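# Below are the sequence and a predicted model for it; my questions follow.
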Amino acid sequence: MGSKWKVLKLKRAIQRSESECPKKNENHNNGHRIPFLEFKEKIDENFSIAPKIVTFTKIMGKLTGIMVTTNGSDTCFLQRIRRLKNAVGESGDRAVLTFTTVYHAFGVEDSLNGIFKLAREWKNYKTEVILFYDEKVDDFYMEKKCPHLKDFRLLDTDKEEGIQNDWCAIECEVNCDSVYESNGVERNLVNALEHYLESYKRKQKEIYESIKNNTISNDNLVVIIGHPHGRPKQVSVGRHYPLLKDEPKKVRSSQLWCRYYYDAPTCIGNSGSPVFIPGQPIAGFGFWFGHQHNHKSDVTSTSRWARAKRIYPDIKCLGMSSIGVEQC
């Protein structure tokens, strides 16, 4: 199939998904959902974002990919890079990239049975991740600009009976000499991703310290980056609701499983999107015992909505994250 035909088919699929979206009237032209390359400090007259957080968001976007499976497309986040070593302990020519997402993106139910089904049938999903899909739909099949990562394996899930965690990690291997093209310049893929990941962790810590010292305000801000309806990357911003936060389990001596609730506009395809809460005390980032939150879904539970309305009467929409890990 020619690339022009594949792009046309993708555009039609996006249009069909958007036309069938139950939230198209309130979300698709929402000023709080911004194309990634147009994201800036001033969102509207009543909503501005600190320059440090804007810079951080642009770095977070470089680590965010669109995940394509036989079940459709959603979003994932690059959490860890590990260069493999050769027989004498030196860095070899391969690196492992580990992404986080939500397992319902694969079409399985949020339960232990669903997780077991995902593990059993993993190869059938033919998972791919496309990076740097930031600008135009036409770029999706330009693999020199938007690298396609394949041959993923299911690595880990947060699973415990009675707790809806909906988080998993997947990983693939790449050659350390792989290259991609950015603004007409050829760059080493692994080196670039390592640079973005280190910048992400450093900037996240700087923002945490700035909020802790009251040099910038977080105003309960939430930032979500994803690929709604399979479109190029978009940033959704809103407020999270601290009094609705779930804390289902304390793990180890100083770490907490928790879930956030927020009003940032999200659609189909945002599942698995990284969720950033400025000032959030992320635990053990980059290791299995700690990870950030990924977007899960809208809240559909009648009882949760009733509780939210009692505490925040003006609330109009409510999304929720997967379980993440924080210091407590």
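It's in.

# Point out where the stretch 201-328 of the chain drops to low pLDDT.
Flagging of the stretch 201-328 of the chain using pLDDT under 70 yields the residue ranges 249, 251-253, 282-291, 328.

# From what I see, Ile225 and Leu37 are in contact.
No: taking CB atoms under 8 Å as the definition, Ile225 is not a contact partner of Leu37, at 12.0 Å. To be clear about C-beta, it is placed using only N, CA and C from the backbone, and glycine gets the same treatment.

# mind listing what Asn188 touches?
Applying CB atoms under 8 Å, 6 or more residues apart in numbering, we find Asn188 in contact with Cys176, Asp177, Ser178, Val179.

# Tell me where the stretch 151-300 of the chain has strands.
Listed in chain order, the strands of the stretch 151-300 of the chain (DSSP state E, counting those that start in this stretch) span residues 153-157, 168-175, 179-182, 185-188, 221-226, 234-239, 246-251, 255-259, 261-262, 274-276, 293-298.

# Check which residues of the longest one are buried.
The reference is to strand 168-175. Of the residues in strand 168-175, those buried by neighbour count under the rule 16 or more other CB atoms under 10 Å are Cys168, Ala169, Ile170, Glu171, Cys172, Glu173, Val174.

# got the residues you listed as CSV, with distance to Pro278 columns?
What follows is those, written out as CSV (distance: CB to CB, whole Å):
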residue, distance to Pro278
Cys168, 25
Ala169, 24
Ile170, 27
Glu171, 28
Cys172, 30
Glu173, 33
Val174, 31
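
# Which pair of those residues spans the longest distance?
Between all members of those, the longest pairwise span (CB to CB) is found for Cys168 and Val174 and amounts to 19.9 Å.

# ok so, going back, which one of the contacts of Asn188 sits closest to Trp122?
If you rank these by distance to Trp122 using CB to CB, Ser178 comes first, at 23.7 Å.

# is it true that that closest one touches Leu149?
No: with the criterion set as CB under 8 Å, Ser178 and Leu149 do not qualify as a contacting pair; they are 9.4 Å apart.

# The longest strand along the chain pairs with which strands, and in what direction?
If each strand of the chain is counted by residues according to DSSP state E, the longest one is strand 72-85. The sheet places strand 72-85 alongside strand 64-69 (antiparallel), strand 91-101 (antiparallel), with pairing taken from DSSP bridges.

# so which of these is the most packed in?
Across the strands paired with strand 72-85, the average number of neighbours (mean count of other CB atoms under 10 Å) peaks for strand 64-69, which reaches a mean of 24.

# Averaged pLDDT, that one. What do you get?
Summarised as a single mean, pLDDT over strand 64-69 is 98.

# Could you do stretch 83-95 as well?
According to the model, stretch 83-95 has a mean pLDDT of 85.
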